[in-house]
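Student: Sequence first, then the predicted structure, then my questions.
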Amino acid sequence: MSKRIIRIVKPTAVVLAIGFIYIVLHYTTGFSISCPFHKLTGLNCPGCGVSRMALNILKLNFTDAFRCNPVVFCLLPVFGGFLAVHLYKYIRYGECSFKKWENAVLYSIAVILIVFGVVRNVFSDLFLIP
């Protein structure tokens, strides 16, 4: 069990460190990462606005976080719960396979994000643009 915990903690620490560095850079220099999909196509991907959403969540400004990316904001608790359950199952039992209903949840999230990406570009005059 301790080996599985270490396998989770190391990459998590790296991701958190990168996130911390990004936050410090953003607040000290104004540096931000732009969306490569938007740069190439001029369209907004389903993830556009997620960096700003995360920064607003850190400031506990949930209204602006929702405005940056409403679908990802709403799916965040679902995905977070899903991730927590799977991390627990992996650490406790070493199980890392998905059941059919879990695959259905992940596919549903993917479909929701794709539909959101299309809708946010077709109806760009709505509030869906970050």
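Tutor: Looks like it arrived, so ask away.

Student: Show me which positions of the helix or strand hosting Gly117 end up buried.
Tutor: Assigned by DSSP states H and E, Gly117 belongs to helix 100-122. Buried residues in helix 100-122, counted by 16 or more other CB atoms under 10 Å: Ile109, Ile112, Phe116, Gly117, Arg120, Asn121. To be clear about C-beta, it is placed using only N, CA and C from the backbone, and glycine gets the same treatment.

Student: What is the neighbour count of Gly80?
Tutor: Applying other CB atoms under 10 Å, we find 10 residues neighbouring Gly80.

Student: distance of it from Pro46?
Tutor: As judged by CB to CB, to the nearest Å, Gly80 and Pro46 stand 17 Å apart.

Student: do the same with Glu95
Tutor: Taken as CB to CB, the span from Glu95 to Pro46 is 30 Å.

Student: between these two, which one's more packed in?
Tutor: The neighbour comparison of Glu95 against Pro46 (other CB under 10 Å) goes to Pro46, with 22 against 11.
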